[in-house]
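Undergrad: Quick check, what structure comes out for this input:
(2 chains)
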Amino acid sequence: MNRNTPAEEDPVVHGYLTALRRPEPRPGLANRVLVNVWQPKPRWLRRFEASYADLVESGRIWFVLGAFAAGSLIPVAASVALVWAWGNQLAWGADRVVPDLWAGIVAGWQAAVAEVSAVWNASIPGTDLLMTAAIVTVVTTVICSVGLYRMVRIRGKMRS
Amino acid sequence: MHQTFDPSLASDQDVVAWARDGADAAYRELLRRYERPVFSLIYRMVRDRELAEDLTQDTFIKVLNALDRYNPDYKFSSWVFKIANNATIDHLRRKELKTLSLEGAPQATTQDRIEATALQLSASDESPLEELQARELGSQIEQAIEALRPEYRSCIILRHVEGRPYEEIADILDLPLGTVKTYIHRARHELKQALAPARD
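TA: All right, here's what the predicted structure looks like:
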């Protein structure tokens, strides 16, 4: 097979054609083209949309929301219950066993609560952090309940 | 595993795959690689800058909107040139173009257009006479190319300006390999004949 370069095949014609200045398009061709090109969404976004659509279609979105709400609430509720029931005993024991660590935890916790409260009051004045937390807790509990109810109902329909 | 992707080092196939995933940078990389060769091919075929810009733009819009239909087993460059060539040949068949000369053509009314049709023969230390001669030669070459049949023109430009192998030209133009060789042979012969007075 002929593997000569174009210049080797016909140097005269090659000389003519390569002597011509290579024209360039005006700047901005890419932008003018891309305005008219449909570009697919990034893969991660397509996957997220597909998963979300599947969740909504199957009704599992309520279950996921409920599970998420429950997952958020359970540690908080457990901590509150623990402190409410045995707070004094825990504090006493911790102060005896690991006094430095306990003092650090208490100080850090108080500083965090003060900081969050300050930011909250500065951002949304006229509202109470504890009251808002209570409302959010109630709302998420309702979402959780509705989600679980719907899930059970869908499962029941599928069985029947 | 997350991999960093440098489009300038990647193969055409990899960049196309990346573009199919929706990466804007991949689209821009494909344009960066091929906008000049495609524009150059189309411009040499139609010899009208604005028309060449429009056809180049149409070509890339077709190419990038049809990336899902591109078969990676084939060369991406062949596919792009094929679409560009088809668009240009279709246009030439629909409309007979007016002759464009280097210095005083009807369309060459601006400095931009005159420069686009100029030769790169001229060096900075050339005398005005040598520059004029270079311009005249450039004009004769342009006219000789224009006098070729569009099929000959595509073949000869792809071979000598773009440096494409015969097999790829046959693939781009959907012609048998033997036909491509014949076209190139005839195009060379016609160019030499047309430019013989200039050589003397």
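
Undergrad: Centre of the chain to the lengthiest helix in chain A, how far?
TA: Of all segments of type helix in chain A, defined using DSSP state H, the longest is helix A:60-97. Centroid separation for helix A:60-97 versus its chain: 23 Å, with C-alpha atoms, centre = their mean, to the nearest Å.

Undergrad: all helices of the chain, in order?
TA: Answering for chain A, as no chain was given. A:6-9, A:11-19, A:29-34, A:43-58, A:60-97, A:99-123, A:129-159.

Undergrad: actually it's chain B I care about, not the one you picked
TA: Under DSSP H, chain B gives helices at B:12-20, B:24-46, B:49-65, B:76-94, B:111-116, B:128-147, B:150-156, B:166-173, B:177-199.

Undergrad: Any part of the second one near chain A?
TA: Spelled out, it's helix B:24-46. Yes - legend: contact between helix B:24-46 and chain A by C-beta under 8 Å from any C-beta of the partner chain is shown at B:24, B:27, B:28, B:31, B:32, B:35, B:36, B:39, B:40, B:43, B:44. For every residue, glycine as well, the C-beta is placed using N, CA and C.

Undergrad: For that helix, buried residues please.
TA: Within helix B:24-46, the residues scored as buried using 16 or more other C-beta atoms under 10 Å in any protein chain shown are B:26-31, B:33-46.

Undergrad: what does stretch B:9-29 rub up against?
TA: With contact meaning C-beta atoms under 8 Å, 6 or more residues apart in numbering or on different chains, stretch B:9-29 is reached by A:30, A:34, A:37, A:39-43, A:45-46, B:5, B:7-8, B:30, B:33, B:64, B:67-68, B:70, B:72, B:75-77.

Undergrad: again, only using 6 Å
TA: A:30, A:39, A:40, A:41, A:42, A:43, B:7, B:30, B:64, B:67, B:72, B:76 (C-beta atoms under 6 Å, 6 or more residues apart in numbering or on different chains).

Undergrad: before we move on, what about stretch B:186-200?
TA: The contact list for stretch B:186-200 (C-beta under 6 Å, 6+ apart) reads A:10, A:13, B:137, B:140, B:144, B:148, B:152, B:156.

Undergrad: Pick out the most distant pair among these.
TA: By the measure C-beta to C-beta, B:137 and B:152 form the most distant pair in the contacts of stretch B:186-200, at 20.5 Å.

Undergrad: How many residues are close by the closest residue to residue A:129 other than its chain neighbours?
TA: Once flanking residues are discounted, residue A:129 sits nearest to residue A:120: 4.7 Å by C-beta to C-beta, 6 or more residues apart in numbering or on different chains. Residues contacting residue A:120 under the criterion other C-beta atoms under 10 Å in any protein chain shown number 16.

Undergrad: do residue A:35 as well
TA: Neighbours around residue A:35, by other C-beta under 10 Å: 9.
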